[in-house]
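K.L.:
model this:
(4 chains)
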4 protein chains.
Amino acid sequence: MVGGGKNAFIGAVHRIAANMDGLIELVCGAFSSDAANARSSGLSLFLPENRIYLDFKEMMEKESLLPADQRMDFVVIVTPNHAHFAPAMLALEKGFHVVLEKPMTFSLDEALQLQKKVKETGLLLCLTHTYSGYPMVKQARQMVRDGAFGKIRKVYVEYPQGWLSRLSEKDGSKQAEWRTDPKRSGKAGCMGDIGTHAAHLAEYISGLLIKQLCADLSIFVEGRALDDDGNVLLRFDNGATGILIASQVAAGEENALKIRVYGENGGLEWAQQEPNTLLVKWLDQPTQVFRAGQNYLSSYAKHNTRTPGGHPEGYLEAFGNLYRNFAQTLAARIDGNTPSKESLDFPTVEDGVRGMAFVDNVIKSNESLEKWTFFEIEGQGAC
Amino acid sequence: MVGGGKNAFIGAVHRIAANMDGLIELVCGAFSSDAANARSSGLSLFLPENRIYLDFKEMMEKESLLPADQRMDFVVIVTPNHAHFAPAMLALEKGFHVVLEKPMTFSLDEALQLQKKVKETGLLLCLTHTYSGYPMVKQARQMVRDGAFGKIRKVYVEYPQGWLSRLSEKDGSKQAEWRTDPKRSGKAGCMGDIGTHAAHLAEYISGLLIKQLCADLSIFVEGRALDDDGNVLLRFDNGATGILIASQVAAGEENALKIRVYGENGGLEWAQQEPNTLLVKWLDQPTQVFRAGQNYLSSYAKHNTRTPGGHPEGYLEAFGNLYRNFAQTLAARIDGNTPSKESLDFPTVEDGVRGMAFVDNVIKSNESLEKWTFFEIEGQGAC
Amino acid sequence: MVGGGKNAFIGAVHRIAANMDGLIELVCGAFSSDAANARSSGLSLFLPENRIYLDFKEMMEKESLLPADQRMDFVVIVTPNHAHFAPAMLALEKGFHVVLEKPMTFSLDEALQLQKKVKETGLLLCLTHTYSGYPMVKQARQMVRDGAFGKIRKVYVEYPQGWLSRLSEKDGSKQAEWRTDPKRSGKAGCMGDIGTHAAHLAEYISGLLIKQLCADLSIFVEGRALDDDGNVLLRFDNGATGILIASQVAAGEENALKIRVYGENGGLEWAQQEPNTLLVKWLDQPTQVFRAGQNYLSSYAKHNTRTPGGHPEGYLEAFGNLYRNFAQTLAARIDGNTPSKESLDFPTVEDGVRGMAFVDNVIKSNESLEKWTFFEIEGQGAC
Amino acid sequence: MVGGGKNAFIGAVHRIAANMDGLIELVCGAFSSDAANARSSGLSLFLPENRIYLDFKEMMEKESLLPADQRMDFVVIVTPNHAHFAPAMLALEKGFHVVLEKPMTFSLDEALQLQKKVKETGLLLCLTHTYSGYPMVKQARQMVRDGAFGKIRKVYVEYPQGWLSRLSEKDGSKQAEWRTDPKRSGKAGCMGDIGTHAAHLAEYISGLLIKQLCADLSIFVEGRALDDDGNVLLRFDNGATGILIASQVAAGEENALKIRVYGENGGLEWAQQEPNTLLVKWLDQPTQVFRAGQNYLSSYAKHNTRTPGGHPEGYLEAFGNLYRNFAQTLAARIDGNTPSKESLDFPTVEDGVRGMAFVDNVIKSNESLEKWTFFEIEGQGAC
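P.N.:
Purely as a prediction, here's the structure:
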């Protein structure tokens, strides 16, 4: 693990998620640029002293020299955005698979380099878009893919949070600090942090690609350096349209990611804060309440739960699903087996590239006087 | 009453709403251009033969000749959009107050003429934007006005319906027929029918005016002549931003008008399908569930309910509130009294003008390649 | 109308409900034992002076002497419980049909006398158990009756309110005063006032009869004279079991009547505070959300709505349904037609007798040391 | 771990829960009475061959001979009810702390023996009443304890499930098989399996003890040997009353444990299927929606979450909380520290004894013709 020392929120989440199913063991780490923090973090995680490293370069170097059955199998990178690329690239170069926090990199250019390297090396890269790990998101995607709703016409995705309603970055909140700092977060604030989740979810469930967008970003809190809010019109490659809302100044909201998709015959609605329920709506028939853990669900949904219906699973389990699918795919590869199609279903470097391109295109649209900006991936043309 | 013969949905709704509180009595009508329907409609409503008219001109003419204590006090117009203007104008000319269905007219120009006539005559005109008649909408508006949430930053308003997901206008649905016919509905389909409700509600609750917008309208159902869907970015006069979504092809939705407004300290959420609940959200404090009929509500909310908490009131009561407030205002005027501030709170010709301007501006934006269209009222400049 | 003068809650509700569909006209009244109140109430309701009576005896007498086409068709009685019997009996004797508030009478004996008189005269008596007037209650009953769930095993009905959590009857609340006064309410407080609603709803939807019960009533508020709370075990005539909870000291609850019924294959759930939704649950299939106003509903549900799906109807419309069905049945009778089966579906004197017997049996069980009390109707044996 | 071999539901849940926070490591196991299953279960859990035992006696014996820093610290017992006592007693005798599935034992007598042994040895015993591990349950308990609602008057607890609506025990369901088998489950079916959870939750949150009860148990599915449903009236030691419902034939329900508690000033409502929300109701003030992960919660609620608000935690995390609190208490003891009051908050042998007494008293009441059965713990008198 790179990053995730004491008091880092997402590092602890990664460890719980990776731990959950007993498939993964933490064997080493470079937890902090602060040596004392790095060491004490490692010790509190029961690591032996010689597997606690002071920086990721040392870690990659030394681990790669260990015998195959002792060295780490893959690296988890949970540093702020600006510090994703270097360790990820080095890991790939040293032959390690990678699990990486989103947004994948600091810039689209870095993302494209990683994509190239992944192709070259054939190694696995898992991007932790947690929300697509929920079983009812899998169910939603599968129903759309199966054509249950006919051709998709509408995608509404929204992600309101309220935690940056005040200038918390000047109030001692570490989380707020780096997420609103252009040097660590990149071009975008809210749109990079949560807009990318929303965009990923929209494309993941609908099976469509964003083709054009029209963005209106704002900085509502005086003194803030990056956008804390944005509204975006979307047009998809099949002619569907929609909106994407992301805000960190929707005071009183927690983490209210929600998506609705409508086709010719019906639609669906899923809200992250009640993740075990998927509303399935039909023209002229009663809405159905699909519930996680039930027999009538698709193999993808079933594969991604651990408990029977009515035993709610949540964010950590969704996160665990990414790790489990990644680990099962990796284990199959190590053992020379074919991974199941359900295991292969985790976000990859391609999703990371689209995420970074989303950020670029949203920023570009926001600065433009023209209504529509084509969703282009720099150097590759439109989607 | 003009229009509202047998099988006309909204005419019956108006009669129930007007009846509800025992303040209003139906005394005459020109219910249909079909003489037999007009007559049988009138008889089934217990009208005497001599007060059943064959067209609105005859009605206005003859009623205006009756002694003051016998003739009707005001006219209700519930015809399709293209047939609003002529009877409304004639009524005003003949000295009758008017209750009018929304959107107010067929075109902005007609709306401006009505506005002028209302100013000249000093007569009352009530526009039936039903949804602003709900008590919890009143409560929401009052809390925003009282500054409970600080400066408003975000307004999300959405109005998904699914009933036009198929080409019902070719399938014998009268409702679908005229609402998708440019000759009867006007320039806009979905945006005129329900988009205007959403825009009115957004401005009513937030106390803000839409200043700029960016619209993307669609016709999803092949063979349809008017928009059946639209997504709109909004910018308000105080710097707040937001979105307005309206759709009649969100298959599986009924009449899911919903609004969320956020300020610096909190926000609120109201959904028309569960209208007796208003969620009030706070930064760092638990969300509160405000409920219709409770003592802690504002005078505006209390004035607009008839029953104690837990006895749900609905759409007809909200509609009845428009009529009741209009009737109380009218009665006060007739009696030479000052109406209460709560009674004066019903939509007027000004709201009608803004609604028609909304339609014009949305259409204009949709056809434009530029991102932003200023919300202008033709001949009056921007808001 | 007997009772329902100014400031009487339920009288105004009756008038709105009766008014709603334009089928019923208020023609006379004896609104209060206080002459001034009676007169001013009548005038404010636009009644002519000669149809405002000072007591119900005068009203029955004088109305019965009017020509058939001028006199009232039926009497509505909305006085406190102890003053139901006398006017109802006199009305029946004078040949008037009756609409009566529940619980039907002060004592079971009175109820049995009314039942006998109704049988003798062949007149109609409608008991206003409002909650069975909701369209989704009709839907629930019909689905059970159609065998959708197989044999019914469980009935859970609950009715928590909080408004008597304090000694409001000593605090100037008129409503609290008479409802907690044994001289006006009868043997039971909470169980008569709302327990009877719950019992009626349970039998109405399940189509079963309570056969045995075991009650534990309480007076939680010191100084109160009648029960303000009760828990009851139920056994039904087909072997189903269940519970009935009613409370007026569930602080923070409004009027939270709710019922769940389960059979071999599934079940249903309906809550009065969100009355347009009926949850239909299935073994191994997703729960379905049935909604008022939809095409897929039974003829009974459809008959009892006025608006399309998504336009919420509420308590007043449910009340209006009782009046409408009663009026349609009465009109059919007057016209010599057969009323539709949907119109005939309103609570009658039989329901009133069972309600009074419920009160008696609950009180008896509460005082008994034996577990089970048979649901007996005095003089008639067990159900 | 004793029990929990392949295909055993609850064993896997225990392992995830124990794993979650990185405080506990599985070091050995006697997973199955079937040797092949035991071995393959152990290997798949990465245990070395010499720590995979064929029965719990061998395990206790051999582990107790290992050096203190190598042997297991505590035993987890996840066998069916009839096989709880022997390994638990042996573990205590050998000096191991114990984590035990509920209901604690096969009979009250066994429970009392364990209680005695725990007292003698001073060892820790944690009973896995999962549902009291949820953060919002901790919040509820703390608010009641702090007197927020005044004196408690009402406790409604319900636990409907539908999974035994058919005779699944004859259909190859292992779970159904042992849970409906008196030889393995004990005297009670539904009441032992889930009624004990409901009773524990009611006492845990209310801080009250059940003093009297009146039970009506049923076997609805023909051919079943134990109760699959029950309704119980409750009286608590402070005068509060309530009901407890548990059913496994509420067709269409999943795991719908829910509790409501009302005091003089307000009440609360918590439902296990949406566990991150606690509704807090007030007389004359809006209901508040308390949410897990928020700053305004008590130290007990905060201690039992891992993620910020809006990142839902679920059943596995609640289970993990039991393990974490137990492990923290154990670690403090090993290190000679005082555990925090929040860590000490896990169910113990006392709760297990009350659970077994609940089963006995419910069965006794069900068989009695008298209304009230005192909640007695055999040999100890009433509570």
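K.L.:
only C-alpha atoms for contact and neighbour calcs from this point on.
P.N.:
Fine.
K.L.:
mind checking pLDDT for the closest residue to A:F220 other than its chain neighbours?
P.N.:
Excluding its sequence neighbours, the residue lying closest to A:F220 (C-alpha to C-alpha, 6 or more residues apart in numbering or on different chains) is A:D228, at 6.6 Å. Here, the pLDDT recorded for A:D228 equals 98.
K.L.:
contacting residues for A:D228?
P.N.:
A:L164, A:G189, A:C190, A:M191, A:L217, A:S218, A:I219, A:F220, A:V221, A:S247, A:Q248, A:V249 (C-alpha atoms under 8 Å, 6 or more residues apart in numbering or on different chains).
K.L.:
Please tell me how far A:Q294 sits from chain B.
P.N.:
From A:Q294 over to chain B the distance is 23 Å, taken as C-alpha to the nearest C-alpha, to the nearest Å.
K.L.:
typed the wrong thing, it's A:F319
P.N.:
Here A:F319 is placed at a distance of 26 Å from chain B (C-alpha to the nearest C-alpha).
K.L.:
all helices of the stretch 51-200 of chain A, in order?
P.N.:
A:56-65, A:85-93, A:108-121, A:135-145, A:174-179, A:182-185, A:190, A:196-206 (DSSP state H, counting those that start in this stretch).
K.L.:
Minimum distance to C:I10: which of those has it?
P.N.:
C:I10 lies closest, by C-alpha to C-alpha, to one member of the helices of the stretch 51-200 of chain A: helix A:135-145, at 46.9 Å.
K.L.:
on contacts alone, who are the packing partners of the closest one?
P.N.:
helix A:196-206, strand A:266-271, strand A:277-282, helix A:299-303 (3 or more C-alpha pairs under 8 Å, 6 or more residues apart in numbering or on different chains; DSSP states H and E).
K.L.:
what about the second one, near chain B?
P.N.:
Yes: part of strand A:266-271 sits close enough to chain B to count as contact by C-alpha under 8 Å from any C-alpha of the partner chain, namely A:G266, A:G267.
K.L.:
which residues touch that strand?
P.N.:
A:136-137, A:140, A:148-150, A:256-262, A:277-283, B:250-252.
K.L.:
tell me, how many neighbours does the residue of the stretch 51-200 of chain A found nearest chain D end up with?
P.N.:
At 9.1 Å from chain D, A:Q161 is the closest residue in the stretch 51-200 of chain A, using C-alpha to the nearest C-alpha. Number of residues near A:Q161 (other C-alpha atoms under 10 Å in any protein chain shown) recorded here: 24.
K.L.:
can you pull the contacts of it?
P.N.:
Taking C-alpha under 8 Å, 6+ apart as the test, what A:Q161 contacts is A:A246, A:S247, A:Q248, A:V249, A:A250, A:A251, A:G252, A:E253, A:E254, A:N255, A:A256.
K.L.:
before we move on, what about A:I152?
P.N.:
Per C-alpha under 8 Å, 6+ apart, neighbours of A:I152: A:S206, A:N238, A:A240, A:V261, A:Y262, A:G263, A:E264.
K.L.:
Just the closest of the residues you listed to chain B, please.
P.N.:
Once C-alpha to the nearest C-alpha is applied, the member of the contacts of A:I152 that ends up nearest chain B is A:Y262, at 5.6 Å.
K.L.:
got a list of what the residue in the stretch 251-383 of chain A positioned nearest to chain C touches?
P.N.:
Proximity of the stretch 251-383 of chain A to chain C (C-alpha to the nearest C-alpha) peaks at A:Q288, 4.6 Å away. With contact taken as C-alpha under 8 Å, 6+ apart, A:Q288 is in contact with A:L279, A:V280, A:K281, C:P286, C:T287, C:Q288, C:V289.
K.L.:
quick one, phi psi at the closest residue to A:S343 other than its chain neighbours?
P.N.:
Leaving out its chain neighbours, the residue that sits closest to A:S343 by C-alpha to C-alpha, 6+ apart is A:N325, at 4.3 Å. For A:N325, the backbone dihedrals are phi -60, psi -40 (criterion: degrees, to the nearest 10).
K.L.:
what about A:N325, distance to chain B?
P.N.:
33 Å.
K.L.:
So for that residue, what's the pLDDT?
P.N.:
A:N325 is given a pLDDT of 97.
K.L.:
Chain neighbours aside, what residue packs nearest to A:G4?
P.N.:
Leaving aside its chain neighbours, A:G4 sits nearest to A:G11 (3.8 Å; criterion: C-alpha to C-alpha, 6+ apart).
K.L.:
What of A:I24?
P.N.:
A:A18 (5.9 Å).
K.L.:
ok, that neighbour - contacts?
P.N.:
Contact analysis of A:A18 by C-alpha under 8 Å, 6+ apart lists A:I24, A:E25, A:G320, A:Y323, A:R324.
K.L.:
that's a strand at A:S340, yeah?
P.N.:
No: assignment of A:S340 by DSSP: H, G, I helix; E, B strand; the rest coil gives coil, placing it outside any strand.
K.L.:
Number of residues surrounding the residue nearest to A:G4?
P.N.:
For A:G11, using other C-alpha under 10 Å, the count is 22.
K.L.:
Report the angle between the helix or strand where it lies and helix D:9-19.
P.N.:
Using DSSP states H and E, A:G11 sits within helix A:9-19. Taking axes from the mean of the first three to the mean of the last three C-alpha atoms, to 10 degrees, one finds helix A:9-19 and helix D:9-19 inclined to each other by 150 degrees.
K.L.:
Give the buried residues for the next helix or strand after helix A:9-19.
P.N.:
Downstream of helix A:9-19, the next assigned helix or strand under DSSP H and E is helix A:35-44. Neighbour-count burial for helix A:35-44, with 16 or more other C-alpha atoms under 10 Å in any protein chain shown as criterion, is recorded at A:N37, A:A38, A:R39, A:S40, A:S41, A:G42.
K.L.:
Okay, the residue found closest to the third one once you drop the neighbours it is linked to in the chain and chain B: tell me how far apart.
P.N.:
Spelled out, it's A:R39. Distance criterion C-alpha to C-alpha, 6+ apart; nearest residue to A:R39, sequence neighbours excluded, is A:I52 at 6.4 Å. According to C-alpha to the nearest C-alpha, A:I52 stands 38 Å off from chain B.
K.L.:
Over to A:W270?
P.N.:
14 Å.
K.L.:
ok, now how distant is that residue from A:L278?
P.N.:
5 Å (C-alpha to C-alpha, to the nearest Å).
K.L.:
Good, wrapping up.
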